[in-house]
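Student: Fold the following, please.
(one chain, ligands or ions: 2)
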Amino acid sequence: MTYQELYQQKLTSPEEAVKVVKSGDWVEYGAFAGQAYALDAALAARADELEDVKIRGCCTTMPPKIIEADPEGKHFNYSSFHFSGIERKLGQKAQAFFIPMLFHEYPRYYRQELDHGDVKSNVVFIPVAPMDAAGNFNFGPEASHFHAMVEAADTVVVEVNASMPVCYGGYEESVHISDVDIIVENDRPLDEVPPAGFGDIDKKVAEYVMGELFDGACIQLGIGGMPNAIGKMISESDLKDLGIHSEMFTDSMVDMVLSGRVTGKRKNLNPGKHVYTFAMGTKRCYDFLDKNTACAIYPVDYTNDPFVVGSIDNFIAINNCLEMDLYGQASSEAAGIKQISGTGGQADFMLGAYRSKGGKAIMALSSTVTMKDGTVKSRIRPTFDPYTIVTTPRSMMNYVATEYGIVNLKARSTWQRAEALISIAHPDFREDLIKEAEKMNIWRKSNKR
Ligand SMILES: CC(=O)SCCNC(=O)CCNC(=O)[C@H](O)C(C)(C)COP(=O)(O)OP(=O)(O)OC[C@H]1O[C@@H](n2cnc3c(N)ncnc32)[C@H](O)[C@@H]1OP(=O)(O)O
Ligand SMILES: CCCC(=O)O
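Tutor: Numbers count the residues shown, from 1 in each chain. Ligands and ions are numbered 1, 2, ... in the order given. Okay, the predicted model is just below:
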């Protein structure tokens, strides 16, 4: 049978395809902008027939119809490995639950199932580009953990999207028709996620970070407004021959490449290739990645493995946090019990970049945040409030930058950390921070006043 004949044999409607889901099943959704919209809608339409169907997603750009159809969660239960803005809102209403993870371990959660059952996966719904002549469906700009999900699921359902960019990769960027059970079709443009904005303070922080970059460095940029400010500054700099090895490919990276700052020529791993595991951006970003042989998508257990990252010389990881305490712990994913995002790849890259010869792991944050009620809070705090989630532990903290400077915490004692962090806190909060540090016994007589 030819691949085309096989395709026709497996092709059905979304309504028929979702009949494979039974009460009690675990169903895997896509991640980021890689979402199976038609399958979600068809499953939602079956709400009244089903009980206890558990769904796992990740950082979705798609408001799930299964939740719209069943807001009280009587039939479906939705969990996510990383909250997007959509899931953050659902989480506030107990319509989405969070699954803590280290991003580089994500594929392993599925593969362990084959050995001793960390997760159970009955059905996977996955969006793909149209089949190529060799029978492969490309996952588009979201390789991440997709191949591992396909391996673990009892039934693999793909939603073929003619608008999906085709992203060439190192490995595990596609699924072969022989591993697919059911095919549906649904053409729709990928969701666009415009880059988070940044202001003058972010730019000042970015200037301190820029001071740590050098020709030939290999860069990872995290998620949020601050990394975007840095990406823009890089593209306007005169840095040469930078490399990209990142988890997420962004619009600011398109600028970094098109401005000529990034060539990848000096990378000792994957030279000449801009390496990533998923993209979230505008159509311009997706078009840039489409069939671009200078870009290589890999599974996340490669891009984010701290040992892989650590093997890349001159690796500079730049990430963002919400708050830091005087010991150097970073809280980046939650405000108290409100889950905002997730650990994602932050801890992976903080560890990996420090392992790299010539590498640096930089946490960039503005010194203050203005809350919705207008109060201005220092992001550098003596201690965290109860229930605060630590994303990067103090033992992994390296460089920290605010608009008042950049300090290195590695191998520094508690008093050195307190002194360094207070020196880059907003001046209005420094005296109070010193008083608290004194109470905490981490301020010495010799510390500067
Ligand atoms: C993609 C890679 O390569 S990833 C590797 C990196 N991954 C990570 O670092 C994961 C963790 N980090 C993150 O998720 C992001 O970097 C963040 C959340 C720290 C910053 O992202 P940004 O988009 O710039 O955050 P933003 O300033 O918009 O704030 C997000 C929310 O947190 C709230 N918030 C921000 N600071 C605080 C604070 N100190 N206290 C309470 N709430 C806060 C904001 O009000 C906003 O909430 P809302 O959407 O309900 O209004
Ligand atoms: C799950 C990926 C997103 C991030 O690392 O922040």
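
Student: what's the burial count for the residue lying closest to Met62 once chain neighbours are set aside?
Tutor: Using CB to CB, 6 or more residues apart in numbering and skipping the chain neighbours, the partner closest in space to Met62 is Gln35 (3.9 Å). Every residue, glycine included, has its C-beta placed from N, CA and C. Around Gln35 there are 26 other residues, counting by other CB atoms under 10 Å.

Student: and Gln35, what is it in contact with?
Tutor: Tyr29, Thr60, Thr61, Met62, Pro127, Asp191 (CB atoms under 8 Å, 6 or more residues apart in numbering).

Student: For the stretch 251-400 of the chain, what lies in contact range of ligand 2?
Tutor: Contact residues (CB under 6 Å from any ligand atom) of the stretch 251-400 of the chain with ligand 2: Ser341, Gly342, Gly344, Gly345.

Student: And what about the second one, helix, strand or coil?
Tutor: Just to be clear, that refers to Gly342. Under DSSP: H, G, I helix; E, B strand; the rest coil, Gly342 falls in the coil class.

Student: Pull up the gap between it and Asp191, please.
Tutor: Going from Gly342 to Asp191 by CB to CB, to the nearest Å gives 19 Å.

Student: the more surrounded of the two?
Tutor: Using other CB under 10 Å as the criterion, Gly342 and Asp191 rank with Gly342 on top: 27 against 15.

Student: Pretty sure Val300 sits against Val275.
Tutor: No: with contact defined as CB atoms under 8 Å, Val300 and Val275 do not form a contacting pair (11.3 Å).

Student: Read off the pLDDT value for Ala437.
Tutor: Note on Ala437: pLDDT of 97.

Student: what's the answer for the one 3 residues further on, then?
Tutor: With respect to pLDDT, Met440 scores 97.

Student: count of neighbours near it?
Tutor: Counted with other CB under 10 Å, Met440 comes out at 16.

Student: quick one: low-confidence parts of this protein?
Tutor: 113-118, 447-449 (pLDDT under 70).

Student: Close to ligand 1: what parts of it are there?
Tutor: 85, 196, 220, 222-225, 246-248, 319-323, 332-333, 335, 340-341, 344-346, 349, 369, 379, 391.

Student: Which one of the residues in the stretch 151-300 of the chain is closest to ligand 1?
Tutor: Ligand 1 sits closest to Gly224 of the stretch 151-300 of the chain, with a gap of 2.9 Å, by CB to the nearest ligand atom.

Student: Now do the contacts for the nearest residue to that residue once chain neighbours are set aside.
Tutor: Among residues not flanking Gly224 along the chain, Asn320 sits closest, at 4.4 Å (CB to CB, 6+ apart). Residues in contact with Asn320 (CB under 8 Å, 6+ apart) are Gly222, Ile223, Gly224, Gly225, Met226, Pro227, Ser332, Met363, Ala364, Leu365.

Student: I figured the first one was touching Gly345, is that so?
Tutor: Okay, so that is Gly222. Yes: look at Gly222 against Gly345 with CB under 8 Å: they come within range, at 7.5 Å.

Student: which neighbours do the two share?
Tutor: Joint contacts of Gly222 and Gly345 (CB under 8 Å, 6+ apart) are Glu247, Met248.

Student: re earlier: among the residues of the chain next to ligand 1, which are in helices?
Tutor: Counting by DSSP state H, those place Gly85, Gly225, Gln346, Phe349 in helices.

Student: Using a markdown table, lay out those together with neighbour count and distance to Tyr404.
Tutor: Output for these, formatted as a markdown table (neighbours: other CB atoms under 10 Å; distance: CB to CB, whole Å):
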| residue | neighbour count | distance to Tyr404 |
| --- | --- | --- |
| Gly85 | 13 | 29 |
| Gly225 | 14 | 18 |
| Gln346 | 28 | 22 |
| Phe349 | 31 | 24 |
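
Student: what's the closest of the residues you listed to ligand 2?
Tutor: Distance ranking of those against ligand 2, using CB to the nearest ligand atom, places Gln346 first at 6.3 Å.

Student: residue ranges for the helices of the stretch 101-250 of the chain, please.
Tutor: With helices called from DSSP state H, counting those that start in this stretch, the stretch 101-250 of the chain shows them at 106-115, 146-152, 200-210, 225-235.

Student: wait, which of the ones you listed is closest to Val20?
Tutor: helix 146-152 (14.7 Å; CB to CB).

Student: what's that closest one packed up against?
Tutor: strand 26-31, helix 106-115, strand 123-128, strand 174-176 (3 or more CB pairs under 8 Å, 6 or more residues apart in numbering; DSSP states H and E).

Student: Could you single out the nearest of the contacts of Gln35 to ligand 2?
Tutor: Using CB to the nearest ligand atom, those come closest to ligand 2 at Thr60, 10.9 Å.

Student: which stretch of helix or strand covers the closest one?
Tutor: Secondary-structure assignment from DSSP states H and E places Thr60 in no helical or strand segment.

Student: Could you work out the end-to-end span of stretch 112-127 for me?
Tutor: 24 Å (CA to CA, to the nearest Å).

Student: cool, and stretch 300-308?
Tutor: End-to-end distance (CA to CA), stretch 300-308: 11 Å.

Student: which residues are contacting it?
Tutor: 103-108, 143-145, 148, 170-171, 245-247, 269, 275-278, 345, 348-349, 351-352, 355.

Student: Among those residues, the buried ones, what's the PyMOL command?
Tutor: Selection of buried members from these for PyMOL, criterion 16 or more other CB atoms under 10 Å:
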select buried, resi 103+104+105+106+107+108+143+144+145+148+245+246+247+275+276+277+278+345+348+349+351+352+355
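
Student: Quickly note the distance from Glu185 to Ala31.
Tutor: Taken as CB to CB, the span from Glu185 to Ala31 is 21 Å.

Student: who has more neighbours, those two?
Tutor: Taking other CB under 10 Å, Glu185 and Ala31 do not tie; Ala31 has more neighbours (29 against 15).

Student: returning to that earlier point: kindly reformat the helices of the stretch 101-250 of the chain as JSON lines containing distance to Thr2.
Tutor: Output for these, formatted as JSON lines (distance: least, CB to CB, whole Å):
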{"stretch": "helix 106-115", "distance to Thr2": "31"}
{"stretch": "helix 146-152", "distance to Thr2": "22"}
{"stretch": "helix 200-210", "distance to Thr2": "54"}
{"stretch": "helix 225-235", "distance to Thr2": "45"}
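
Student: Next, format those as TSV and append distance to ligand 2.
Tutor: Compiled in TSV, these are given as follows (distance: least, CB to the nearest ligand atom, whole Å):
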stretch	distance to ligand 2
helix 106-115	8
helix 146-152	13
helix 200-210	17
helix 225-235	10
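
Student: From the structure, what's the count of residues near Tyr7?
Tutor: The number of residues packed near Tyr7 is 18, by other CB under 10 Å.

Student: oh, I was asking about Gly358
Tutor: 13.

Student: and if you look at Ala162?
Tutor: 10.
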